[in-house]
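# Sequence and predicted structure, then a few things I'm wondering about:
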Amino acid sequence: MVALASRSRPGRKARPSFASVCLSILLASLCAAFDGKADDPPPPADATAQPTAPPYQTAQNTAPAPQNPAPAPNPPQSVGQATVTATRASRTVLETPGNVTVIDRETIEQSAARDLPELLRREAGIFVTNTTSGPTGYDVEARGFANGSGGGSSMLVLVDGRRTNEPNTATTDWALIDLDDVDHVEIVRGPTSALYGDNATGGTIQIFTRGGEGTPQFDSHTVYGGYGKVGGSHHTFEQSLHAGGTDGPLSASLFTDYDSSNDYRDRAEFRSRDIETNFRYVFTDRIALSLSGGYQDYQSQIPGALTTAQIEPCTASEIIAGTSCGLGPQAATPSLNQNFDDATVRHASLTLEVTPVDNLLITFSPYTWHKHDSSALGDPTFVFSGNLDQQSNGLNTQIQVDAPLLELRNRLIFGTDLRRDDASLNSNFSQLAMPSMPVNTRSWREAWALYGQEELNLTPDLLLSGGVRYDR
């Protein structure tokens, strides 16, 4: 598969603009989609088909068959997993012009990973760090783009098509994504900004939650563990429930989870609750409606950092001076305040899929998301506390045309993204022998974008793909 692009240079004669080329392709594709007389595109090659031996041997040069023939080779493994993230439409991995990895539910269950960042850590080109040793301290980046300077993330993270990169920091709170509710994960390495805009320069991760399609089923997952004396305070307990199924045109699912853990460090407790629901109703073969929503909250204590002097045994001079020492590696940092990070999240999204004619799919996807954060961080000399409210509302409209172009298999995708982000922060800084300094800030952003993606199969094994996006 090959992805080609052209670039104009100054000082040369004017050439047709990319917009005019896209418009020509769009008109040709729409005409083919509505015509109904165009031939169907050839089916994709079967990835599991056995190769045929070339007929070049003759009776003169054919070697006699051995008495003990070699065992037959293992059949080729299928790599026909479907992915939608790289091209914003369903394609097999082999038909996708990019570096794509799909992690299915079976792989997740066999991995024994406790959370999603731990699962992603095993993938090539994905860098996972943790600054607090708890679920709220994870940072996931692609190919080392993050520099820790607070400039946001270069990895776009989507959950069922909804952005999780927060308006205030452009990063994802991985404590809000429960691995037990994940059906599969798609990882696209490399820039996908032409389709998704900002935060997608390093790569894109899309997480698909477990729906209710199929036979009704119910499953429960329980985890318990600990160390030290029986009944001690250092333990982990997690209980999740998932139920879902299809009844006629309606599919529904419900997921709940409770997590309680006490880390090795003092003052490192974590508690979380999560409830998610999904509904999908198929009105006709051409109209379907999906609705999802959820509520999540967590309370996380942060043990903080310790210096070497605070960990090692006290010396006589330190005892006389009254400095913090001899705390050991398990202790939390001495602080004027209990360092913590608490959050509450509510979200809802709706997707309407309409197929007015064959080979034409129109999708409308509005969503809303709200998060409230309360946190405090300090040491023996200062305390910084804050309350942060973030709100994000958006609408994506997309049109997909699958129709032959010049008798070649062709797919054209174009759409719009509308988004408004709001962030309000009330913070307070307190220092010894100094008056407190409260600060109130508010920021907002309105953005809209147009994007397009053209995919043309020049041959069954050669794909020409190009995309463009305009943000404002």
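Okay, I see it.

# Against which helices or strands is the helix or strand hosting residue 376 packed?
With elements taken from DSSP states H and E, the one containing residue 376 is strand 360-379. In terms of contacts (3 or more Cβ pairs under 8 Å, 6 or more residues apart in numbering; DSSP states H and E), strand 360-379 is packed against strand 162-163, strand 340-354, strand 382-402. (C-beta placed from N, C-alpha, C; glycine too.)

# I'd assumed residue 210 was in contact with residue 183.
Yes - the criterion here is Cβ atoms under 8 Å, and residue 183 meets it with residue 210 at 4.5 Å.

# how about low-confidence regions in the stretch 101-250 of the chain?
Using pLDDT under 70 as the threshold, the predicted model of the stretch 101-250 of the chain has low-confidence ranges 144-152, 193-194, 227-234.

# so where do the strands sit in it?
Listed in chain order, the strands of the stretch 101-250 of the chain (DSSP state E, counting those that start in this stretch) span residues 126-130, 138-142, 155-159, 162-163, 182-189, 203-209, 217-226, 235-247, 250-262.

# For the first one, list the C-alpha coordinates in PDB.
In other words, strand 126-130. Backbone C-alpha positions of strand 126-130 (Å, rounded to 0.1, in the frame of the first residue of the first chain) are rendered in PDB as follows:
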ATOM      1  CA  ILE A 126       4.200   3.800  22.900                       C
ATOM      2  CA  PHE A 127       5.800   5.400  26.000                       C
ATOM      3  CA  VAL A 128       4.000   5.200  29.300                       C
ATOM      4  CA  THR A 129       5.200   7.000  32.500                       C
ATOM      5  CA  ASN A 130       3.600   7.500  35.900                       C
END
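
# Strand 203-209 and that strand, what's the angle between them?
The directions of strand 126-130 and strand 203-209 differ by 70 degrees, with axes from the mean of the first three to the mean of the last three Cα atoms, to 10 degrees as the criterion.

# Could you list the buried residues of strand 126-130?
The neighbour-count check on strand 126-130 (16 or more other Cβ atoms under 10 Å) flags 126, 127, 128 as buried.

# Let me have those in TSV, adding distance to residue 400 as columns.
Compiled in TSV, the buried residues of strand 126-130 are given as follows (distance: Cβ to Cβ, whole Å):
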residue	distance to residue 400
126	29
127	33
128	34
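
# any idea which of these is the one closest to residue 361?
When the buried residues of strand 126-130 are compared for distance to residue 361 (Cβ to Cβ), residue 126 wins out at 31.3 Å.

# ok, what's across the strand from that closest one?
On the basis of DSSP bridges, residue 126 is bridged to residue 142.

# Isn't it up against residue 120?
Yes - applying Cβ under 8 Å, one finds residue 126 in contact with residue 120, separated by 5.0 Å.

# Show me the common contact partners of these two, please.
Both residue 126 and residue 120 are in contact with 140, 187, where contact means Cβ atoms under 8 Å, 6 or more residues apart in numbering.

# okay, the helices and strands packed on strand 360-379 in JSON lines with distance to residue 176 next?
Rendered in JSON lines, the data for the helices and strands packed on strand 360-379 read as follows (distance: least, Cβ to Cβ, whole Å):
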{"stretch": "strand 162-163", "distance to residue 176": "12"}
{"stretch": "strand 340-354", "distance to residue 176": "6"}
{"stretch": "strand 382-402", "distance to residue 176": "12"}
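
# how about these, which one is nearest residue 328?
Nearest to residue 328, of all these, is strand 340-354, at 21.8 Å by Cβ to Cβ.

# pLDDT (mean, whole number) over the closest one?
Confidence over strand 340-354, taken as the mean pLDDT, stands at 96.

# In the sheet, which strands lie alongside that strand, parallel or antiparallel?
Within its sheet, strand 340-354 is paired with strand 287-301 (antiparallel), strand 360-379 (antiparallel), according to DSSP bridges.

# Include mean pLDDT and distance to residue 399 when you put these into CSV, please.
Converted to CSV, these look like this (pLDDT from 0 to 100; distance: least, Cβ to Cβ, whole Å):
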stretch, mean pLDDT, distance to residue 399
strand 287-301, 95, 15
strand 360-379, 93, 5
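
# hey, which of the helices and strands packed on strand 360-379 is tucked in deepest?
Scoring the helices and strands packed on strand 360-379 by mean neighbour count under mean count of other Cβ atoms under 10 Å gives strand 162-163 as the most buried, with a mean of 22.

# what's that strand packed up against?
Contact here means 3+ Cβ pairs under 8 Å, 6+ apart; on that basis strand 162-163 packs against strand 360-379, strand 382-402.

# now the ones you listed as TSV including distance to residue 202?
Shown next, in TSV, are the helices and strands packed on strand 162-163 (distance: least, Cβ to Cβ, whole Å):
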stretch	distance to residue 202
strand 360-379	22
strand 382-402	21
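
# my guess is residue 165 meets residue 159, correct?
No - counting by Cβ under 8 Å, residue 165 does not reach residue 159; the two are 10.8 Å apart.

# higher neighbour count, these two?
For residue 165 and residue 159, the more surrounded residue by other Cβ atoms under 10 Å is residue 159, and the numbers stand at 23 against 20.

# Okay, that one and residue 116: tell me how far apart.
Distance from residue 159 to residue 116, counting by Cβ to Cβ, to the nearest Å: 10 Å.

# got any residues that touch both of the two?
Common contact partners of residue 159 and residue 116 (Cβ under 8 Å, 6+ apart): 177, 207.

# hmm, back to that, out of the helices and strands packed on strand 360-379, nearest to residue 248?
For the helices and strands packed on strand 360-379, the distance to residue 248 is smallest for strand 340-354, at 17.8 Å, taking Cβ to Cβ.

# which residues touch that closest one?
Where contact means Cβ under 8 Å, 6+ apart, the residues beyond strand 340-354 that reach it are 136, 160-162, 173, 175-176, 286-302, 361-376.

# Just the buried ones from those?
The neighbour-count test (16+ other Cβ under 10 Å) applied to the contacts of strand 340-354 identifies 136, 160-162, 173, 175-176, 288, 290, 292-294, 296-298, 300-302, 361, 363, 365, 367, 369, 371-373, 375-376 as buried.

# what about residue 186, neighbour count?
If you count neighbours by other Cβ under 10 Å, residue 186 ends up with 22.

# Quick check: it vs residue 99, distance?
Going from residue 186 to residue 99 by Cβ to Cβ gives 11 Å.

# ok, now residue 441?
In this structure, residue 441 and residue 99 are separated by 39 Å, where distance is defined by Cβ to Cβ.

# and stretch 261-278, how far out from the chain's middle?
Computed by Cα atoms, centre = their mean, to the nearest Å, the chain-centroid distance of stretch 261-278 equals 21 Å.

# Now the terminal residues of that stretch, how far apart.
End-to-end distance of stretch 261-278: 28 Å, with Cα to Cα, to the nearest Å as the criterion.

# One more: stretch 112-127?
Start and end residues of stretch 112-127 are separated by 19 Å (Cα to Cα).

# Let me see the contact set for residue 312.
325, 326.

# again, only this time at 10 Å
With contact set as Cβ atoms under 10 Å, 6 or more residues apart in numbering, residue 312 has these partners: 306, 318, 325, 326, 327, 328, 329.

# With residue 305 as the reference, measure out to the closest residue to the last one other than its chain neighbours.
So the one you mean is residue 329. Computed as Cβ to Cβ, 6 or more residues apart in numbering, the closest residue to residue 329 that is not its neighbour in sequence is residue 311, at 5.5 Å. Relative to residue 305, residue 311 is positioned 10 Å away (Cβ to Cβ).
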